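A.B. asks: okay, sequence plus prediction incoming.
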Amino acid sequence: MTVGTRTFFSRRQLLSGSSAALASGMIGSSAVPALAKAPMLNTQAPSFYRFKMGDFEATVVSDGPLPIGPAARTFRGPSPQDLDRLITDHFLPTDNVVLDQNALVLNTGDRLILFDTGMLSVKRPNTATGRLPISLQQAGIDPKDIDAVVLTHTHIDHCGGMVGDDGNRIFPNAQVYLQESDFNYWLDDKRLEASPVEQGSARTARKNLPPYRDRLVFIKEGQEVLPGIHAVHTPGHTVGHTAYVISSAGKSICFIGDVAHHVILFEQPQIEVNFDTILNRAWNLASSCSTCWPASGYRYWFITCRGPESGSLQSAATVSAMCRPQCSLCCRSARSPAAE
Ligand SMILES: [Zn+2]
(Lines give C-alpha, C1' and ligand atoms only; values in the text may rest on other atoms or scores of the structure.)
Protein backbone atom coordinates (compact mmCIF):
# COMPACT_ATOMS: atom_id res chain seq x y z
CA MET A 1 0.00 0.00 0.00
CA THR A 2 1.10 3.58 -0.54
CA VAL A 3 0.68 6.38 1.98
CA GLY A 4 1.79 9.73 0.70
CA THR A 5 5.05 9.12 -1.05
CA ARG A 6 5.99 6.05 1.09
CA THR A 7 5.30 2.43 0.13
CA PHE A 8 4.56 -0.21 2.82
CA PHE A 9 4.73 -4.00 2.42
CA SER A 10 3.02 -6.58 4.51
CA ARG A 11 5.02 -9.34 6.21
CA ARG A 12 3.34 -11.81 3.89
CA GLN A 13 4.42 -9.91 0.80
CA LEU A 14 7.97 -9.67 2.05
CA LEU A 15 8.12 -13.38 2.93
CA SER A 16 6.67 -14.41 -0.39
CA GLY A 17 9.32 -12.74 -2.44
CA SER A 18 8.01 -9.25 -2.96
CA SER A 19 11.19 -8.02 -1.40
CA ALA A 20 13.06 -9.57 -4.28
CA ALA A 21 10.71 -7.85 -6.65
CA LEU A 22 11.34 -4.60 -4.85
CA ALA A 23 15.05 -5.07 -5.22
CA SER A 24 14.67 -5.65 -8.92
CA GLY A 25 12.51 -2.56 -9.39
CA MET A 26 9.35 -4.48 -10.41
CA ILE A 27 6.94 -2.92 -7.93
CA GLY A 28 4.12 -1.15 -9.64
CA SER A 29 4.73 -2.84 -12.97
CA SER A 30 3.84 -6.52 -13.65
CA ALA A 31 4.48 -8.10 -10.21
CA VAL A 32 2.69 -11.45 -9.61
CA PRO A 33 0.24 -11.35 -6.61
CA ALA A 34 1.92 -12.64 -3.47
CA LEU A 35 0.99 -16.08 -2.06
CA ALA A 36 1.34 -17.16 1.56
CA LYS A 37 4.16 -19.56 2.24
CA ALA A 38 4.90 -21.20 5.57
CA PRO A 39 6.22 -24.54 6.73
CA MET A 40 3.71 -27.31 7.49
CA LEU A 41 3.39 -27.54 11.26
CA ASN A 42 1.85 -31.03 11.43
CA THR A 43 0.82 -30.57 15.06
CA GLN A 44 -2.49 -30.42 16.91
CA ALA A 45 -3.76 -28.89 20.10
CA PRO A 46 -2.94 -30.82 23.29
CA SER A 47 -5.23 -33.86 23.51
CA PHE A 48 -7.12 -33.25 26.72
CA TYR A 49 -10.37 -31.66 27.78
CA ARG A 50 -11.16 -30.59 31.33
CA PHE A 51 -14.51 -29.94 32.97
CA LYS A 52 -16.12 -29.80 36.41
CA MET A 53 -18.43 -32.56 37.54
CA GLY A 54 -19.96 -31.55 40.86
CA ASP A 55 -17.04 -31.08 43.22
CA PHE A 56 -14.82 -33.28 41.07
CA GLU A 57 -12.57 -32.15 38.28
CA ALA A 58 -12.61 -34.41 35.26
CA THR A 59 -10.01 -34.46 32.48
CA VAL A 60 -10.53 -36.54 29.36
CA VAL A 61 -7.13 -37.53 27.99
CA SER A 62 -6.46 -39.10 24.60
CA ASP A 63 -4.28 -42.13 23.93
CA GLY A 64 -4.44 -41.25 20.23
CA PRO A 65 -6.78 -42.50 17.50
CA LEU A 66 -6.75 -46.21 16.71
CA PRO A 67 -7.37 -47.20 13.07
CA ILE A 68 -8.76 -50.74 12.81
CA GLY A 69 -9.44 -51.22 9.09
CA PRO A 70 -12.53 -51.73 6.95
CA ALA A 71 -15.96 -51.41 8.55
CA ALA A 72 -17.05 -54.76 7.12
CA ARG A 73 -14.34 -56.45 9.17
CA THR A 74 -15.51 -54.84 12.41
CA PHE A 75 -19.31 -54.83 12.28
CA ARG A 76 -21.59 -57.79 11.61
CA GLY A 77 -25.27 -57.86 10.82
CA PRO A 78 -26.14 -55.22 8.24
CA SER A 79 -25.73 -55.86 4.52
CA PRO A 80 -22.62 -54.26 3.00
CA GLN A 81 -24.82 -51.60 1.42
CA ASP A 82 -26.60 -50.77 4.68
CA LEU A 83 -23.32 -50.68 6.60
CA ASP A 84 -21.81 -48.31 4.06
CA ARG A 85 -24.84 -46.05 4.31
CA LEU A 86 -24.76 -46.03 8.12
CA ILE A 87 -21.11 -45.02 8.09
CA THR A 88 -21.22 -42.49 5.28
CA ASP A 89 -24.31 -40.83 6.79
CA HIS A 90 -21.85 -39.62 9.42
CA PHE A 91 -19.36 -38.48 6.74
CA LEU A 92 -16.99 -41.21 7.85
CA PRO A 93 -14.93 -43.50 5.59
CA THR A 94 -15.89 -47.15 5.24
CA ASP A 95 -12.42 -48.43 4.36
CA ASN A 96 -10.88 -47.61 7.73
CA VAL A 97 -12.74 -47.33 11.01
CA VAL A 98 -10.87 -45.04 13.39
CA LEU A 99 -11.68 -45.39 17.07
CA ASP A 100 -11.01 -42.63 19.54
CA GLN A 101 -9.29 -43.64 22.77
CA ASN A 102 -10.27 -41.28 25.52
CA ALA A 103 -9.31 -42.17 29.06
CA LEU A 104 -10.77 -40.22 31.97
CA VAL A 105 -8.86 -38.72 34.89
CA LEU A 106 -10.92 -37.78 37.91
CA ASN A 107 -9.59 -35.54 40.65
CA THR A 108 -11.89 -36.02 43.64
CA GLY A 109 -9.91 -33.69 45.85
CA ASP A 110 -8.59 -36.69 47.80
CA ARG A 111 -7.54 -38.94 44.97
CA LEU A 112 -6.46 -38.90 41.36
CA ILE A 113 -8.20 -41.70 39.48
CA LEU A 114 -7.57 -42.86 35.91
CA PHE A 115 -10.21 -44.83 34.01
CA ASP A 116 -8.55 -47.07 31.36
CA THR A 117 -5.00 -46.66 30.16
CA GLY A 118 -4.65 -46.90 26.37
CA MET A 119 -2.09 -49.10 24.62
CA LEU A 120 1.38 -47.72 25.22
CA SER A 121 2.97 -51.14 25.66
CA VAL A 122 1.44 -52.45 22.43
CA LYS A 123 1.15 -49.30 20.36
CA ARG A 124 0.65 -49.83 16.66
CA PRO A 125 3.41 -48.73 14.29
CA ASN A 126 2.63 -45.79 12.04
CA THR A 127 -0.23 -44.66 14.27
CA ALA A 128 -0.56 -42.09 17.05
CA THR A 129 -1.62 -44.71 19.59
CA GLY A 130 0.09 -45.00 22.96
CA ARG A 131 0.33 -41.29 23.59
CA LEU A 132 -1.47 -41.24 26.96
CA PRO A 133 1.69 -40.32 28.94
CA ILE A 134 2.26 -37.39 26.58
CA SER A 135 -1.36 -36.28 26.89
CA LEU A 136 -1.17 -36.58 30.67
CA GLN A 137 1.95 -34.45 30.69
CA GLN A 138 0.23 -31.85 28.52
CA ALA A 139 -2.68 -31.87 30.97
CA GLY A 140 -0.31 -31.30 33.88
CA ILE A 141 -0.83 -34.77 35.36
CA ASP A 142 2.12 -36.85 36.57
CA PRO A 143 1.50 -40.62 36.24
CA LYS A 144 3.23 -41.06 39.59
CA ASP A 145 0.40 -39.08 41.18
CA ILE A 146 -2.31 -41.46 39.98
CA ASP A 147 -3.73 -43.20 43.07
CA ALA A 148 -6.08 -45.57 41.31
CA VAL A 149 -6.40 -47.10 37.86
CA VAL A 150 -9.97 -48.26 37.26
CA LEU A 151 -10.47 -50.55 34.27
CA THR A 152 -13.70 -51.00 32.35
CA HIS A 153 -12.22 -54.22 30.95
CA THR A 154 -8.87 -55.66 29.96
CA HIS A 155 -8.87 -55.45 26.19
CA ILE A 156 -5.63 -54.51 24.50
CA ASP A 157 -6.43 -50.79 24.26
CA HIS A 158 -7.68 -50.40 27.83
CA CYS A 159 -5.09 -52.19 29.95
CA GLY A 160 -2.25 -51.92 27.42
CA GLY A 161 -0.93 -48.64 28.81
CA MET A 162 -0.13 -49.81 32.32
CA VAL A 163 3.51 -50.63 31.64
CA GLY A 164 6.17 -49.24 29.34
CA ASP A 165 8.30 -51.09 26.81
CA ASP A 166 10.59 -52.12 29.66
CA GLY A 167 7.72 -53.74 31.54
CA ASN A 168 7.90 -51.26 34.39
CA ARG A 169 4.75 -49.75 35.85
CA ILE A 170 3.68 -46.43 34.38
CA PHE A 171 1.54 -45.75 37.46
CA PRO A 172 3.83 -46.96 40.26
CA ASN A 173 1.66 -45.70 43.11
CA ALA A 174 -1.73 -46.84 41.86
CA GLN A 175 -4.10 -49.54 43.05
CA VAL A 176 -5.79 -51.24 40.08
CA TYR A 177 -9.54 -51.95 40.17
CA LEU A 178 -11.14 -54.46 37.79
CA GLN A 179 -13.55 -57.38 37.61
CA GLU A 180 -12.05 -60.70 38.64
CA SER A 181 -13.93 -62.44 35.82
CA ASP A 182 -12.07 -60.37 33.24
CA PHE A 183 -8.75 -61.05 34.94
CA ASN A 184 -9.39 -64.80 34.98
CA TYR A 185 -10.68 -64.86 31.41
CA TRP A 186 -7.83 -62.99 29.79
CA LEU A 187 -5.06 -64.64 31.77
CA ASP A 188 -6.42 -68.09 31.04
CA ASP A 189 -3.99 -70.07 28.86
CA LYS A 190 -6.89 -70.98 26.57
CA ARG A 191 -7.01 -67.42 25.27
CA LEU A 192 -3.54 -67.85 23.75
CA GLU A 193 -5.01 -70.47 21.44
CA ALA A 194 -8.17 -68.52 20.60
CA SER A 195 -8.84 -66.11 17.72
CA PRO A 196 -6.11 -63.61 16.80
CA VAL A 197 -8.22 -60.82 18.33
CA GLU A 198 -8.41 -62.67 21.66
CA GLN A 199 -4.75 -63.65 21.54
CA GLY A 200 -3.79 -59.99 21.25
CA SER A 201 -5.73 -58.99 24.33
CA ALA A 202 -4.55 -62.07 26.23
CA ARG A 203 -0.90 -61.26 25.57
CA THR A 204 -1.49 -57.63 26.52
CA ALA A 205 -3.18 -58.56 29.79
CA ARG A 206 -0.29 -60.90 30.61
CA LYS A 207 2.16 -58.11 30.00
CA ASN A 208 0.34 -55.35 31.87
CA LEU A 209 -1.49 -56.88 34.83
CA PRO A 210 1.12 -59.07 36.58
CA PRO A 211 3.41 -56.10 37.38
CA TYR A 212 0.49 -54.80 39.49
CA ARG A 213 -0.31 -58.18 41.04
CA ASP A 214 0.20 -56.89 44.58
CA ARG A 215 -2.06 -53.93 43.87
CA LEU A 216 -5.08 -55.53 42.19
CA VAL A 217 -8.51 -54.97 43.73
CA PHE A 218 -11.37 -57.06 42.37
CA ILE A 219 -14.68 -55.24 42.33
CA LYS A 220 -18.29 -56.40 42.61
CA GLU A 221 -21.48 -55.34 40.85
CA GLY A 222 -22.97 -52.24 42.43
CA GLN A 223 -20.01 -51.73 44.71
CA GLU A 224 -18.87 -48.23 45.58
CA VAL A 225 -15.40 -48.80 44.25
CA LEU A 226 -14.09 -45.50 45.51
CA PRO A 227 -16.00 -42.62 47.11
CA GLY A 228 -18.54 -41.39 44.55
CA ILE A 229 -17.80 -44.15 42.03
CA HIS A 230 -20.15 -47.13 41.64
CA ALA A 231 -19.56 -50.17 39.45
CA VAL A 232 -22.26 -51.26 36.99
CA HIS A 233 -21.45 -54.70 35.62
CA THR A 234 -22.10 -54.58 31.87
CA PRO A 235 -21.02 -58.00 30.57
CA GLY A 236 -21.06 -58.72 26.88
CA HIS A 237 -18.22 -56.85 25.30
CA THR A 238 -16.10 -58.82 27.75
CA VAL A 239 -17.29 -61.08 30.53
CA GLY A 240 -16.28 -58.55 33.16
CA HIS A 241 -16.95 -55.31 31.31
CA THR A 242 -17.94 -52.67 33.83
CA ALA A 243 -19.27 -49.15 33.52
CA TYR A 244 -18.85 -46.65 36.34
CA VAL A 245 -21.35 -44.12 37.61
CA ILE A 246 -19.51 -41.13 39.01
CA SER A 247 -21.43 -38.83 41.32
CA SER A 248 -20.55 -35.63 43.12
CA ALA A 249 -22.61 -32.80 44.58
CA GLY A 250 -25.80 -33.84 42.82
CA LYS A 251 -24.18 -34.39 39.42
CA SER A 252 -23.51 -37.74 37.80
CA ILE A 253 -21.95 -39.11 34.68
CA CYS A 254 -21.39 -42.67 33.58
CA PHE A 255 -18.13 -43.80 32.06
CA ILE A 256 -19.35 -46.50 29.70
CA GLY A 257 -16.04 -47.80 28.37
CA ASP A 258 -16.57 -49.94 25.27
CA VAL A 259 -20.28 -50.41 25.38
CA ALA A 260 -20.48 -48.91 21.92
CA HIS A 261 -17.40 -48.50 19.78
CA HIS A 262 -18.90 -46.29 17.16
CA VAL A 263 -21.65 -43.79 16.63
CA ILE A 264 -23.59 -46.22 14.40
CA LEU A 265 -24.07 -48.50 17.41
CA PHE A 266 -26.24 -45.87 19.01
CA GLU A 267 -28.50 -46.08 16.00
CA GLN A 268 -28.31 -49.84 15.47
CA PRO A 269 -27.42 -51.40 18.84
CA GLN A 270 -28.15 -54.88 17.51
CA ILE A 271 -25.10 -54.71 15.25
CA GLU A 272 -22.44 -57.13 16.41
CA VAL A 273 -18.90 -55.94 16.95
CA ASN A 274 -16.05 -58.24 16.16
CA PHE A 275 -14.46 -57.71 19.58
CA ASP A 276 -17.51 -58.59 21.68
CA THR A 277 -16.80 -61.70 23.72
CA ILE A 278 -20.50 -62.50 23.90
CA LEU A 279 -22.01 -61.14 20.72
CA ASN A 280 -25.14 -59.07 20.56
CA ARG A 281 -25.38 -58.41 24.25
CA ALA A 282 -23.31 -55.50 25.44
CA TRP A 283 -25.66 -52.84 24.27
CA ASN A 284 -28.70 -53.93 26.24
CA LEU A 285 -26.86 -53.42 29.45
CA ALA A 286 -24.52 -50.55 29.21
CA SER A 287 -26.79 -48.34 27.18
CA SER A 288 -28.82 -48.16 30.36
CA CYS A 289 -26.24 -45.89 31.87
CA SER A 290 -26.69 -43.35 29.13
CA THR A 291 -30.40 -43.32 29.72
CA CYS A 292 -30.10 -42.30 33.31
CA TRP A 293 -27.05 -40.11 33.31
CA PRO A 294 -24.88 -38.18 30.90
CA ALA A 295 -22.34 -40.61 29.57
CA SER A 296 -18.64 -40.35 28.95
CA GLY A 297 -17.41 -43.03 26.57
CA TYR A 298 -13.95 -44.20 25.68
CA ARG A 299 -14.72 -43.84 21.98
CA TYR A 300 -16.25 -40.40 21.73
CA TRP A 301 -14.76 -37.03 21.59
CA PHE A 302 -14.30 -36.00 25.13
CA ILE A 303 -17.79 -36.17 26.60
CA THR A 304 -20.98 -37.51 25.16
CA CYS A 305 -24.01 -36.56 27.12
CA ARG A 306 -27.71 -36.06 26.87
CA GLY A 307 -28.21 -33.06 29.09
CA PRO A 308 -27.96 -29.59 27.61
CA GLU A 309 -26.65 -28.41 30.97
CA SER A 310 -23.56 -30.49 30.33
CA GLY A 311 -22.78 -28.91 27.00
CA SER A 312 -23.93 -31.72 24.76
CA LEU A 313 -22.07 -32.59 21.60
CA GLN A 314 -23.19 -34.20 18.40
CA SER A 315 -23.91 -37.64 19.78
CA ALA A 316 -26.03 -36.48 22.67
CA ALA A 317 -29.37 -36.58 20.94
CA THR A 318 -28.59 -39.97 19.53
CA VAL A 319 -27.65 -41.36 22.92
CA SER A 320 -30.87 -40.16 24.42
CA ALA A 321 -33.08 -41.34 21.59
CA MET A 322 -31.58 -44.77 21.20
CA CYS A 323 -30.95 -45.71 24.79
CA ARG A 324 -34.18 -44.71 26.42
CA PRO A 325 -36.30 -47.54 24.97
CA GLN A 326 -33.70 -50.06 26.06
CA CYS A 327 -33.12 -48.94 29.58
CA SER A 328 -32.09 -52.01 31.51
CA LEU A 329 -30.92 -50.39 34.70
CA CYS A 330 -34.04 -48.39 35.53
CA CYS A 331 -36.33 -51.04 34.11
CA ARG A 332 -34.90 -54.33 35.24
CA SER A 333 -37.52 -56.23 33.30
CA ALA A 334 -36.03 -54.94 30.09
CA ARG A 335 -32.67 -56.52 30.81
CA SER A 336 -31.67 -59.27 28.44
CA PRO A 337 -32.21 -62.58 30.24
CA ALA A 338 -29.18 -64.00 28.48
CA ALA A 339 -26.99 -61.43 30.14
CA GLU A 340 -28.10 -62.08 33.69
ZN1 LIG B 1 -12.88 -53.43 24.30
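C.D. replies: Great, that's in hand.

A.B. asks: and the protein, which residues reach the ion?
C.D. replies: His155, Asp258 (C-beta under 5 Å from the ion). Using the backbone N, CA and C atoms, a C-beta is placed for each residue, glycine as well.

A.B. asks: could you pull out the helices for the chain?
C.D. replies: 11-13, 19-23, 71-74, 80-88, 132-138, 156-159, 180-186, 196-208, 264-267, 282-292, 316-323 (DSSP state H).

A.B. asks: excluding covalently adjacent residues, which one is nearest to whatever residue of the stretch 201-340 of the chain ends up closest to the ion?
C.D. replies: In the stretch 201-340 of the chain, the residue found nearest to the ion is Asp258; the distance is 3.7 Å by C-beta to the ion. Among residues not flanking Asp258 along the chain, His237 sits closest, at 5.0 Å (C-beta to C-beta, 6 or more residues apart in numbering).

A.B. asks: that neighbour: what's it in contact with?
C.D. replies: Contacts for His237 (C-beta atoms under 8 Å, 6 or more residues apart in numbering) come out as His153, His155, Gly257, Asp258, Val259, Val273, Phe275, Asp276, Thr277, Ala282, Ala286.

A.B. asks: surely the fourth one meets Thr154?
C.D. replies: No: taking C-beta atoms under 8 Å as the contact criterion, Asp258 and Thr154 are not neighbours in contact, 11.0 Å apart.

A.B. asks: what's the weakest-modelled helix or strand in this protein?
C.D. replies: One helix or strand of the chain scores below all others by mean pLDDT, DSSP states H and E: helix 316-323, with a mean of 36.

A.B. asks: Ile134: how many residues sit nearby?
C.D. replies: Ile134 sits with 17 neighbouring residues when counted by other C-beta atoms under 10 Å.

A.B. asks: roughly how far does it sit from Arg50?
C.D. replies: 16 Å (C-beta to C-beta, to the nearest Å).

A.B. asks: related to what we said a few turns ago, phi, psi of the residue nearest to Asp258?
C.D. replies: phi -60, psi -50 (degrees, to the nearest 10).

A.B. asks: confidence score at it?
C.D. replies: pLDDT for His237: 84.

A.B. asks: relative to Ala243, how far out is it?
C.D. replies: 10 Å.

A.B. asks: same deal with Asp82?
C.D. replies: For Asp82, the distance to Ala243 - C-beta to C-beta - is 28 Å.

A.B. asks: out of these two, which sits in the busier spot?
C.D. replies: Ala243 (29 against 12).

A.B. asks: give me every residue that touches the more buried one.
C.D. replies: Thr152, Ala231, Val232, Thr234, Cys254, Phe255, Ile256, Gly257, Val259, Ala286, Cys289.

A.B. asks: show me the domain layout of the chain.
C.D. replies: What the record gives for the chain is the domain set 1-38, 48-339, from automatic domain parsing.

A.B. asks: quick one: distance of the last one to the chain centre.
C.D. replies: What that stands for is domain 48-339. 7 Å (C-alpha atoms, centre = their mean, to the nearest Å).

A.B. asks: equivalent analysis for stretch 41-57, please.
C.D. replies: 13 Å.

A.B. asks: fine by me, we can end here.
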